[in-house]
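Student: can't give you the sequence, but here's the structure:
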Ligand SMILES: NC(=O)c1ccc[n+]([C@@H]2O[C@H](COP(=O)([O-])OP(=O)(O)OC[C@H]3O[C@@H](n4cnc5c(N)ncnc54)[C@H](OP(=O)(O)O)[C@@H]3O)[C@@H](O)[C@H]2O)c1
């Protein structure tokens, strides 16, 4: 793809940095469209001089979004939020933001478009996250029928929000919460596999116009994931079941904090299993046949949460 330009909205985020790196290796010129381009400068060494260009394009601004896609050959939308705050509402970012990008791309004649959604996306969904992801998908498809939609389950990797957050909590707290009893099922998928799926979605002609659900090789309950985490960081902590009603009350309070650890909407999301549907197209349909298991990957980045850190000889904490 030498000589071609792709605009990646949200390219500086957790998943975005892996996508940027892969596309730069494959010869794409990469525009990284974000609110804070300075915070995307760390991406520049992943390419040759001038190959990776951070630029400011807030999804709330028509002018900035149009400028970001002008003259590009392909567009990827990775922007999503887990909690609303200020101008970052679910409507503005995941629904109208996705629409704005897709319509700007369509106006430029761009038909190579990858939209990152999420398992559970549903225009009629009860959780705002799921509902706006679903509406975003619909509007992207309406603007660009050839768009490829990728719906990951929970994504893990060195900069992830899930394992790192609970590992940090386990360092300080005597117990971890099993929201709703910890029975919700997940199919965690490795960030490198998600990035490979994005590249395949962009470059494979047989992916055009299709939706794929991305999950790793195993399904775990929320409780099993926390047990795996605690084994990995060699800490013993109580796992305390939190009934849904109490979790909702906690979410209502905690969502008042900046960067809230839990919101009501997230509790609502946790009421649904987050696994690849039986009839969905998957990673395998994108040529990724052996996705990575989290047992293999998470010890490589969670060691630092072990008692004494990563360089101390370890025994289980008593
Ligand atoms: N991580 C997961 O487990 C997971 C699971 C399922 C689906 N997904 C989806 O995958 C996508 C990427 O997730 P992620 O974990 O990589 O997210 P992330 O780390 O939070 O990154 C979000 C990116 O979007 C940019 N951004 C945020 N608001 C913006 C706005 N209004 N205008 C322009 N850019 C904006 C951020 O940069 P600035 O702050 O500089 O703007 C950042 O580059 C999201 O759509 C998410 O819903 C993630």
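Tutor: Arrived safely, thanks for sending. For clarity, every value in this text was computed on a predicted model and none was experimentally measured. Numbering: from 1, shown residues only.
Student: The ligand versus residue 289, what's the distance?
Tutor: 21 Å (Cβ to the nearest ligand atom, to the nearest Å). From N, CA and C alone the C-beta is placed, and that goes for glycine too.
Student: wait, what's in contact with that residue?
Tutor: residue 283 (Cβ atoms under 8 Å, 6 or more residues apart in numbering).
Student: Look up how far residue 232 lies from the residue in the stretch 51-200 of the chain that the ligand sits nearest to.
Tutor: The minimum distance from the stretch 51-200 of the chain to the ligand, using Cβ to the nearest ligand atom, falls at residue 80 (2.3 Å). Plainly put, residue 80 is 26 Å away from residue 232 if you go by Cβ to Cβ, to the nearest Å.
Student: cool, residue 161 as well?
Tutor: Distance from residue 161 to residue 232, counting by Cβ to Cβ: 16 Å.
Student: Kindly report the same for residue 195.
Tutor: 23 Å.
Student: Within range of the ligand, give me the residues from this structure.
Tutor: Neighbours of the ligand within the chain, by Cβ under 6 Å from any ligand atom: 9-16, 34-36, 39, 57-60, 78-80, 88, 93, 116, 118, 152, 154-155, 161.
Student: switch to 5 Å and redo it
Tutor: Residues of the chain lying near the ligand by Cβ under 5 Å from any ligand atom: 10, 12-15, 34-36, 58-59, 78-80, 116, 118, 152, 154-155.
Student: Can you tell me which of those residues are buried?
Tutor: 10, 12-15, 34-35, 58-59, 78-80, 116, 118, 152, 154-155 (16 or more other Cβ atoms under 10 Å).
Student: Now, these that are in helices?
Tutor: Those of these mapping onto helices are 14, 15, per DSSP state H.
Student: Touching, residue 281 and residue 211? I think so.
Tutor: Yes - Residue 281 is in contact with residue 211 according to Cβ atoms under 8 Å; the separation is 6.8 Å.
Student: ok, residue 72 - contacts?
Tutor: Counting by Cβ under 8 Å, 6+ apart, residue 72 has contacts 5, 6, 7, 31, 105, 108, 110.
Student: Which one of those sits in the busiest neighbourhood?
Tutor: residue 7 (30 neighbours; other Cβ atoms under 10 Å).
Student: is that one in a bridge, and if so with what?
Tutor: Applying DSSP bridges to residue 7 gives these bridge partners: residue 31, residue 75.
Student: Which residues are in contact with it?
Tutor: Residues counted as contacts of residue 7 (Cβ under 8 Å, 6+ apart) are 31, 33, 68, 69, 72, 74, 75, 76.
Student: Just put these in JSON lines and tack on pLDDT.
Tutor: Shown next, in JSON lines, are the contacts of residue 7 (pLDDT from 0 to 100):
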{"residue": "31", "pLDDT": "98"}
{"residue": "33", "pLDDT": "98"}
{"residue": "68", "pLDDT": "98"}
{"residue": "69", "pLDDT": "98"}
{"residue": "72", "pLDDT": "98"}
{"residue": "74", "pLDDT": "98"}
{"residue": "75", "pLDDT": "98"}
{"residue": "76", "pLDDT": "98"}
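Student: any chance of those in CSV, plus distance to residue 295?
Tutor: As requested, the contacts of residue 7 are exported to CSV (distance: Cβ to Cβ, whole Å):
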residue, distance to residue 295
31, 37
33, 35
68, 39
69, 40
72, 39
74, 35
75, 35
76, 29
